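> A predicted structure for the sequence below; I have some questions about it.
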There are 2 protein chains.
Amino acid sequence: MKIETKIARFTTPLHLESGRILEPYEIKYETYGELNEDKSNVIVICHALSGSHHAAGRYENEAKPGWWDNFIGDGKTIDTRKYFVICTNNLGSCFGSTSPMSSMNKAGEAYRLKFPVLAITDIVKAQKRLFTSLGIDHVKAVIGGSMGGMQALCYSIEYPDFADTIIAMATTAYTRPWAIAVNKIAMESIRNDPAFKNGNYTKGDLIANGLPGLAIGRMAGLIAYVGPNSMNNKFGRNYVETDGLYELFGRFEVEKYLEYNAYNFPKIFDPLSYLYVCKTMNIFDAARGTDKLPDALSKIKCDLHLISFSDDVLFFPQEMEEIYNIMREMNMENVKYKMIESTHGHDSFLVELDKFKDYVVDILEKKI
Amino acid sequence: MKIETKIARFTTPLHLESGRILEPYEIKYETYGELNEDKSNVIVICHALSGSHHAAGRYENEAKPGWWDNFIGDGKTIDTRKYFVICTNNLGSCFGSTSPMSSMNKAGEAYRLKFPVLAITDIVKAQKRLFTSLGIDHVKAVIGGSMGGMQALCYSIEYPDFADTIIAMATTAYTRPWAIAVNKIAMESIRNDPAFKNGNYTKGDLIANGLPGLAIGRMAGLIAYVGPNSMNNKFGRNYVETDGLYELFGRFEVEKYLEYNAYNFPKIFDPLSYLYVCKTMNIFDAARGTDKLPDALSKIKCDLHLISFSDDVLFFPQEMEEIYNIMREMNMENVKYKMIESTHGHDSFLVELDKFKDYVVDILEKKI
């Protein structure tokens, strides 16, 4: 599979939903497969909170492949022998696109807490400009889960002619207080960490392991992404593995799992980015700019496919079903909704491919 | 209503499940109402994680009454005109009973991280000794929710002749990985807080607002106790109240709620106690000391009433239903199970009294 990783620089100001302007800015992106002659085989992949432009494939010295490598590749569900697949690193994220730690002036000072709060519309607008600069005005599909699903929904509303098909998974039309509360734990934990220094930390401050407050926040996210169903199945009644049952810090299996995943995370993710990405998710509302959600959804012209996962406790299935119901109440026929019986909670869209990959292939081949 | 608050000191060693010994130790307790002549009107109330002996009534200068004041009092569900009600402060908790910050030697040094990990059986054993010292060998009922429900279950198994009736609410027979994971966020957050100083903090270290790490941990607990259903109902689509939508630390209503509750908590709760109480909850297993749960449950002789709450996402209704099913499979007739349709999640046992108070009265009057 051909993989190309690039950075595009933009000097035309990006006018943000907040009224602020971002200029200049860069978008890092990765492509897989070959663009055909009439540019009609493009699929856009949108990543979620902790994701990046590196959705698939494996670099030479990489231990693990891209985050959706089981989904995207030669002969896989998103077949890179047929499609030209693009994934950008979201603005505000920390894997190469402009973010809070990018320079804001010629002196090289980083934005830090001066970085503007981004809305999903801003992130999508920046992506759209990139595609235009590549001569891509129309795509076969836009696909994303979680925060990526928010982007997919945004494409369907803001750029109704852009895609033939949009697949939004494990997401919502507007973020509920519950999801905001989960993010709140992370945001407060980061803010309160003395090493955060109100955003003025240096590489030296973060030490090798990153910001501890971010680890705690990630732990909160993890329990919401995995969820009780999956967690209780995965760990069953397996109690202490190390130390004694009566040692205060002796660990149950689930605690070991949480420690491992949470404490590794700050090594690869910037704390300021995490704050801004959480905020972007918190303020997401597909209806923004209109009076009410049905008005926004009425703009959708492409085929919108909504996929939810039954034991997702971050974005509940009812939240996607609501989008479907509103559109059907307006007699819109270009929407379909499917709930997958899942056992991995919110993470199911990443790990339970077998349950929905054929469905996605049918969608792309317009059989559904 | 007559309220008496006392401390009882014990010098006989308390042999703990872990093999360690606690000696001497104190139990703070509060009683409401009058003990009748033959001591046959006693109801024991067991408190949960953040609770105390002060279950009901209001002291002279108190802003808020005891934590179950809507449930216990003259003419209330647990009618203190009829019953003599006792609530002890659990060992390990920080409202007067022996805890990690109690002196462990004549030099007055506090146990801190040398405090022994307590099991629910230890906490109940200490309560039982107190009752014996008061000449109370048998009670009308033991009632508790959450961690208090764990104690109630423990009474039914370890002291089968002690109570006529046991009411266990919003609890479990053995703590699942999910609940352990929720506690993990708090435990790690406390541990990682530099001000915690590996348990060696002083009053001066904690400043007026207590340990910030405990606030974050409490926030994690809060979202599990309130749960998505309640949270999304309570806050609806109410967004920013203060600051702008595009201010990074501007808050949604739910965020303001979490901040208020979480940051006030460390003012009144000791971090070491919180660690130990979480640990006690984590290791709870009603089957301990037997080969399997049915063996433990088979010892129960009193009338056991299990009450769950439909939208509880800390201890799910199925966990209590399992207890009921196991006992019924053994043809035990002294158990009843009721799930209350609730909208306040795990907190429902504290706040949705109207939905189950009549049921409890019927239980106590042996009409069920």
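Received the coordinates, thanks. Numbers count the residues shown, from 1 in each chain, chains lettered A, B, ... in the order given.
> can you check what pLDDT the model gives A:Pro266?
Note on A:Pro266: pLDDT of 94.
> can you give me the neighbour number for it?
25 (other C-beta atoms under 10 Å in any protein chain shown). The C-beta positions use only the backbone N, C-alpha and C, and glycine is treated the same way.
> tally of neighbours for the nearest residue to A:Val351 once chain neighbours are set aside?
Among residues not flanking A:Val351 along the chain, A:His344 sits closest, at 5.2 Å (C-beta to C-beta, 6 or more residues apart in numbering or on different chains). By other C-beta under 10 Å, 22 other residues sit near A:His344.
> list of residues touching the helix or strand hosting A:Met327?
Using DSSP states H and E, A:Met327 sits in helix A:317-329. Residues from elsewhere that reach helix A:317-329 (C-beta atoms under 8 Å, 6 or more residues apart in numbering or on different chains): A:153, A:168, A:171-173, A:176, A:286, A:293-294, A:297, A:300, A:304, A:306-310, A:334-337, A:339.
> isn't A:Lys249 right next to B:Glu188, touching?
Quick fix: residue A:249 is Phe, not Lys. No. Using C-beta atoms under 8 Å as the test, A:Phe249 is too far from B:Glu188 to be in contact (9.6 Å).
> so those two - more neighbours on which side?
Looking at A:Phe249 and B:Glu188 with other C-beta under 10 Å, you find the greater number of neighbours at B:Glu188, namely 25 against 14.
> state the distance from the nearest residue to the more buried one once chain neighbours are set aside to A:Pro177.
In space, and not counting its chain neighbours, B:Glu188 is closest to A:Ile216: 5.7 Å by C-beta to C-beta, 6+ apart. A:Ile216 sits 21 Å away from A:Pro177, going by C-beta to C-beta, to the nearest Å.
> the two: who's more crowded?
Neighbour tally, A:Ile216 and A:Pro177, criterion other C-beta under 10 Å: the higher count belongs to A:Ile216, 32 against 28.
> spit out the contact partners of the more buried one.
A:185-186, A:189, A:262, B:185, B:188-189, B:192, B:216.
> could you redo the last one with a cut-off of 6 Å?
A:Ile216 makes contact with A:189, B:188-189 under the criterion C-beta atoms under 6 Å, 6 or more residues apart in numbering or on different chains.
> and the residues you listed as a markdown table, adding pLDDT and distance to B:Met147?
A markdown table is the format used below for the contacts of A:Ile216 (pLDDT from 0 to 100; distance: C-beta to C-beta, whole Å):
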| residue | pLDDT | distance to B:Met147 |
| --- | --- | --- |
| A:Ser189 | 95 | 25 |
| B:Glu188 | 96 | 20 |
| B:Ser189 | 95 | 19 |
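> the residues you listed in helices, which ones?
Among the contacts of A:Ile216, DSSP state H puts A:189, B:188-189 in helices.
> up against chain B, what does the stretch 1-150 of chain A have?
For the stretch 1-150 of chain A, the residues in contact with chain B (C-beta under 6 Å from any C-beta of the partner chain) are A:18, A:117.
> and the residue of the stretch 1-150 of chain A that's closest to chain B?
Here the residue of the stretch 1-150 of chain A nearest chain B is A:Ser18; by C-beta to the nearest C-beta that distance is 3.6 Å.
> can you give me the strands in chain A?
Listed in chain order, the strands of chain A (DSSP state E) span A:3-10, A:14-15, A:21-22, A:25-32, A:42-46, A:72-73, A:78-79, A:84-88, A:139-145, A:163-169, A:240-242, A:251-252, A:303-309, A:335-340.
> worst average pLDDT in those?
For the strands of chain A, the stretch scoring lowest in mean pLDDT is strand A:240-242; its value is a mean of 63.
> looking at chain A, which helix is longest?
The longest helix of chain A (DSSP H) is helix A:212-235.
> stretch A:120-135: how far from the chain's middle?
Distance, stretch centre to chain centre, for stretch A:120-135: 16 Å (C-alpha atoms, centre = their mean, to the nearest Å).
> which other residues reach that stretch?
Applying C-beta under 6 Å, 6+ apart, the contact partners of stretch A:120-135 are A:8, A:14, A:16-17, A:27, A:88, A:90-91, A:150-151, A:154-155, A:284.
> A:Asn70: neighbour count?
17.
> if we ignore the residues flanking it in sequence, what's nearest it?
Sequence neighbours aside, A:Leu353 is the residue nearest to A:Asn70 in space, at 5.3 Å (criterion: C-beta to C-beta, 6+ apart).
> could you report the neighbour count for the one you found?
If you count neighbours by other C-beta under 10 Å, A:Leu353 ends up with 16.
> same thing with the one 4 residues further on?
Counted with other C-beta under 10 Å, the burial measure for A:Lys357 works out to 15 neighbours.
> list the contacts of the nearest residue to it once chain neighbours are set aside.
Of all residues not flanking A:Lys357 in the chain, A:Thr77 sits nearest, at 4.2 Å (C-beta to C-beta, 6+ apart). A:Thr77 makes contact with A:71, A:357, A:360-361, according to C-beta under 6 Å, 6+ apart.
> need the buried ones from these selected in ChimeraX.
Typed into ChimeraX, the line below selects the buried ones among those, using 16 or more other C-beta atoms under 10 Å in any protein chain shown:
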select /A:71,360
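> just the contacts of A:Thr77 now: which is nearest A:Glu255?
Closest approach between those and A:Glu255, by C-beta to C-beta: A:Phe71, at 30.4 Å.
> now that closest one: how far from A:Thr77?
Separation of A:Phe71 from A:Thr77 (C-beta to C-beta): 5 Å.
> repeat that for A:Lys267.
Distance from A:Lys267 to A:Thr77, counting by C-beta to C-beta: 30 Å.
> where in the stretch 101-250 of chain A is pLDDT low?
In the predicted model, the stretch 101-250 of chain A carries pLDDT under 70 at residues A:207-208, A:237, A:239-243.
> spell out which residues of the stretch 251-368 of chain A are next to chain B.
A:252, A:254-255, A:258, A:279, A:283.
> now the spatially closest residue to A:Leu214 that is not a sequence neighbour: how far from chain B?
Nearest residue to A:Leu214, sequence neighbours excluded (C-beta to C-beta, 6+ apart): A:Pro266, at 4.3 Å. Distance from A:Pro266 to chain B, counting by C-beta to the nearest C-beta, to the nearest Å: 11 Å.
> show me the contacts for the residue sitting furthest away from the middle of chain A.
Centroid-distance maximum for chain A: A:Tyr246 at 40.1 Å, with C-alpha atoms, centre = their mean. Shown in contact with A:Tyr246 (C-beta under 6 Å, 6+ apart): B:18, B:117.
> one more pass at 8 Å, please.
Applying C-beta under 8 Å, 6+ apart, we find A:Tyr246 in contact with B:17-20, B:116-117, B:119, B:283.
> would you mind measuring from it to B:Tyr155?
According to C-beta to C-beta, A:Tyr246 stands 22 Å off from B:Tyr155.
> could you chop chain A up by domain?
Per automatic domain parsing, the structural domains of chain A span A:3-176+A:284-364, A:180-279.
> am I right that A:Asp312 is in contact with A:His346?
Yes. Using C-beta under 8 Å, A:Asp312 is in contact with A:His346, at 4.6 Å.
> circling back to that earlier point, what's the farthest-apart pair in the residues of the stretch 251-368 of chain A next to chain B?
Pairwise distances across these peak at 36.1 Å for A:Phe252 and A:Ile283 (criterion: C-beta to C-beta).
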